[in-house]
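Asks: I need the structure of the sequence given here:
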Amino acid sequence: MTEYGTFYGIGVGPGDPELMTVKAQKVLQKARSVFTPIACAGRESIAHTIARQFIAPEATVTKLIFPMTHDKTVCEKSWEENTHQIAQVLRKGTDAAFLTLGDPMTYSTYGYLLKKMEHLYPQVKSVTIPGIPSYLAVAATANLPLVEGSEILTLIPGNTPPGKIREFLSTSDTILFLKHHRHAETIYTILHEMNLDDKALYVSRCGFEEHVTTTKPTKEFLEKPDYLSLIIVKK
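Replies: Alright, predicted model coming up:
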């Protein structure tokens, strides 16, 4: 009977390597096979850049392509193919670590891989190591308490329909827009219509040298917002 290695999902945090957990560092120091996501061939992996200093020199680092598309067929194919590729290593009894930005359980590619692994290779033991999500790092950097007492916090992906966005903005005390870069102009239009412009904080590249925080993003930011950005609306 094949003795599979352990599949580790590691959250590397928002950008600053010092914000990676001690547990994540220890696993990476022992892992001999590390997988990291990229959007297309030839691209650098941001997750790998963050975690690089903790990966053992003798470890093999493999980039896995996950196309940035809403086409379910294309996504399903990439999730399945990449799961099989990771399983090839696990089948040898070798542990494998998959790196992911922020936290593995919050809007993460790892979540889809985990479900595929559990379905296709139920004999594999999976261990998930949490990471600090970007919005918590942003709140800490800005010294901004997100919610207190009975206040309500809502996470909204950028592709949420405008009607639902207005609903959440009306009923929540603090609203976080994640993965919003393709919809930034629409979101700011809604904020303007609801007189919430002065309640919004735009942050990009938190934890990186290029960190930007502004209450009034320029036209350039809105037309070409950074993928690694978010909007906090604190009412």
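
Asks: how about the helices in the protein?
Replies: 22-30, 46-51, 72-90, 109-120, 134-141, 162-171, 184-193, 219-223 (DSSP state H).

Asks: which residues sit in contact with E148?
Replies: Under the criterion of CB atoms under 8 Å, 6 or more residues apart in numbering, E148 has no neighbours. Every C-beta, even on glycine, is put in place using the N, C-alpha and C of the backbone.

Asks: let's see it at 10 Å
Replies: Taking CB atoms under 10 Å, 6 or more residues apart in numbering, we find E148 in contact with 173-174.

Asks: for it, grab phi and psi.
Replies: Main-chain dihedrals, E148, degrees, to the nearest 10: phi -140, psi 150.

Asks: quick check, pLDDT for it.
Replies: Here the pLDDT value assigned to E148 is 96.

Asks: quick one: it from D173, how far?
Replies: 9 Å (CB to CB, to the nearest Å).

Asks: G9 now?
Replies: The value you get for G9 to D173, if CB to CB is used, is 31 Å.

Asks: between these two, who's got more neighbours?
Replies: For the pair G9 and D173, the greater number of neighbours falls to G9 (26 against 16), based on other CB atoms under 10 Å.

Asks: partner residues bridging the more buried one?
Replies: In this entry, G9 is beta-bridged to F98, T128, by DSSP bridges.

Asks: tell me the contacts of it?
Replies: Per CB under 10 Å, 6+ apart, neighbours of G9: 35, 96-100, 103-105, 108-111, 113-114, 117, 126-131.

Asks: rerun at 8 Å
Replies: Counted by CB under 8 Å, 6+ apart, G9 has contacts 97-98, 100, 104, 110, 113-114, 126-129.

Asks: please apply the same query to V34.
Replies: 28, 48, 55, 59-62, 96-99.

Asks: ok, now K179?
Replies: 107, 157-159.

Asks: try 7 Å
Replies: For K179, the contacting residues are 107, 157-158, by CB atoms under 7 Å, 6 or more residues apart in numbering.

Asks: separation between it and V127?
Replies: 26 Å.

Asks: okay, the helices of the chain in CSV with mean neighbour count next?
Replies: As requested, the helices of the chain are exported to CSV (neighbours: other CB atoms under 10 Å):
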stretch, mean neighbour count
helix 22-30, 15
helix 46-51, 21
helix 72-90, 16
helix 109-120, 18
helix 134-141, 21
helix 162-171, 14
helix 184-193, 17
helix 219-223, 12
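
Asks: those helices: which one's closest to K234?
Replies: helix 134-141 (9.4 Å; CB to CB).
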